[in-house]
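Novice: coords please:
(one chain, ligands or ions: 1)
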Amino acid sequence: MEVTPLNASFGCEITGLDINAGVSAAQFKPVRAAFEAYSLVIIRSKPLTDETQIAFSEHFGKCEKTLKGNPAAGSVFARQSNIDINTGETIPADDRRMFYQKANMQWHADSAFKPRASLCSILSAREIPGAGGDTEIASTRLGYAALSDARKAEIEALYAEYSIVWSRSLIGYQFTDEERADMYRVRHKLVRANPANGAKSMLIGAHAMNIAGWEQDKGLALLNDLCDHCTQPEFVYRHQWQDGDVMIWDNRACVHRATPYDAGAERRLMQRTTIADPAAEALDQEAVVA
Ligand SMILES: [Fe+2]
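Specialist: Below is the predicted model of the structure:
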């Protein structure tokens, strides 16, 4: 197994690891170390199966259950696809089920809107389109490091509020009453230090709707500033998918977004598993706000 950095401190590629053959605790150790060091790990692989993806994901921790509104709701998979889960046919671009795609094109950190924030997401390419559908990842760790000392001091102790009802409203999507029933507005610490190496990052992106205790205009202006700052080209890696690729990103230290492909003509199937951050509970006491 070989770990090759993409950049001095953000992103790396791992070759020579066959996830489908099963990954032992000893084999996982350097994967976890690379994840903590680089925030983004790309593993070149044969396409995973649902079973091998779950087994691999569980090395990071417990997989979250996927929320209502996703075609794979109730399972551990967030299915990102234009292929109907039941019929195998492509879903028309204007179908309600394709709204997630528009939502995915906003910079965001997965599950920031959940009472317990996420450690990481693991996205596996099962079917990729001939063109388009790249994923962009921005490092909020690099972005944080590049802030002025005054800005760092200003935001150090802040908590932000997050809501998926908010982020989806930005693209004109309304949840049904049933879907909204278990959705909360939550509060998390904005600046977070990685327990393994102390590197600080920020939990920002489309789900972040305000700074706790602030007027929303002012809170959003700060959050948007921070997001614009972190998504400058020098902090962004753009991944062109190859069949079977597995990408792991640190939701504590990255925001990401999807880019378009021709969903009317091409088929795309990505399966995502998401792991809750075991350290989040202590950091974000009383996370549920409303
Ligand atoms: Fe996402």
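Novice: continuing past the strand ranked longest in the chain, what's the next helix or strand?
Specialist: For the chain, the longest strand by residue count, based on DSSP state E, is strand 118-127. Where DSSP states H and E defines the elements, the next helix or strand beyond strand 118-127 is strand 135-139.
Novice: That next one packs against which elements?
Specialist: Judged by 3 or more Cβ pairs under 8 Å, 6 or more residues apart in numbering; DSSP states H and E, strand 135-139 is in contact with strand 236-239, strand 246-250, strand 254-258. C-beta here means a position set from N, CA and C on the backbone, and glycine is covered the same way.
Novice: Quickly run through the sheet partners of the longest strand of the chain, with directions.
Specialist: strand 246-250 (antiparallel), strand 269-276 (antiparallel) (DSSP bridges).
Novice: Can you point out the buried residues in that strand?
Specialist: For strand 118-127, the neighbour count (16 or more other Cβ atoms under 10 Å) marks Ser118, Leu119, Cys120, Ser121, Ile122, Leu123, Ser124, Ala125, Arg126 as buried.
Novice: of those residues, closest to Glu51?
Specialist: Proximity of these to Glu51 (Cβ to Cβ) peaks at Ser124, which lies at 11.8 Å.
Novice: can you give me the helices for the stretch 101-250 of the chain?
Specialist: 140-145, 149-155, 164-169, 177-180, 216-230 (DSSP state H, counting those that start in this stretch).
Novice: And those helices, which one averages the lowest pLDDT?
Specialist: Mean pLDDT is lowest for helix 177-180 out of the helices of the stretch 101-250 of the chain, coming in at a mean of 84.
Novice: Check the gap between the residue of the chain lying at maximal distance from its centre and Ala72 for me.
Specialist: For the chain, the largest distance from the centre (Cα atoms, centre = their mean) belongs to Ala150, which lies 28.4 Å off. Distance, Ala150 to Ala72, using Cβ to Cβ, to the nearest Å: 45 Å.
Novice: between the helices and strands packed on strand 135-139, which gets nearest to Met209?
Specialist: When those are compared (using Cβ to Cβ), the closest one is strand 254-258, at 14.8 Å.
Novice: Now tell me what touches the closest one from outside.
Specialist: Here strand 254-258 makes contact (Cβ atoms under 8 Å, 6 or more residues apart in numbering) with 39-40, 80, 101, 104-110, 133, 135-141, 201, 204-205, 227, 230-231, 249.
Novice: avg pLDDT for that strand?
Specialist: For strand 254-258, mean pLDDT rounds to 97.
Novice: That one vs strand 269-276, what angle?
Specialist: 160 degrees (axes from the mean of the first three to the mean of the last three Cα atoms, to 10 degrees).
Novice: so how far is strand 254-258 off the chain centroid?
Specialist: Centre-to-centre, strand 254-258 and its host chain are 6 Å apart (Cα atoms, centre = their mean, to the nearest Å).
Novice: from now on call the first residue 32
Specialist: Right, with 32 as the first residue, what we last looked at is strand 285-289.
Novice: Can you give me the buried ones in the host helix or strand of Glu67?
Specialist: Assigned by DSSP H and E, Glu67 belongs to helix 56-69. By 16+ other Cβ under 10 Å, the buried positions in helix 56-69 come out as Val62, Arg63, Ala65, Phe66, Ala68, Tyr69.
Novice: ok, now stretch 43-52?
Specialist: Those buried within stretch 43-52 under the rule 16+ other Cβ under 10 Å are Cys43, Glu44, Ile45, Leu48, Ile50, Asn51.
Novice: Tell me how many other residues crowd the spatially closest residue to the third one that is not a sequence neighbour.
Specialist: Read that as Ile45. Closest residue to Ile45 apart from its sequence neighbours, by Cβ to Cβ, 6 or more residues apart in numbering: Ile74 at 4.7 Å. Using other Cβ atoms under 10 Å, Ile74 has 25 other residues around it.
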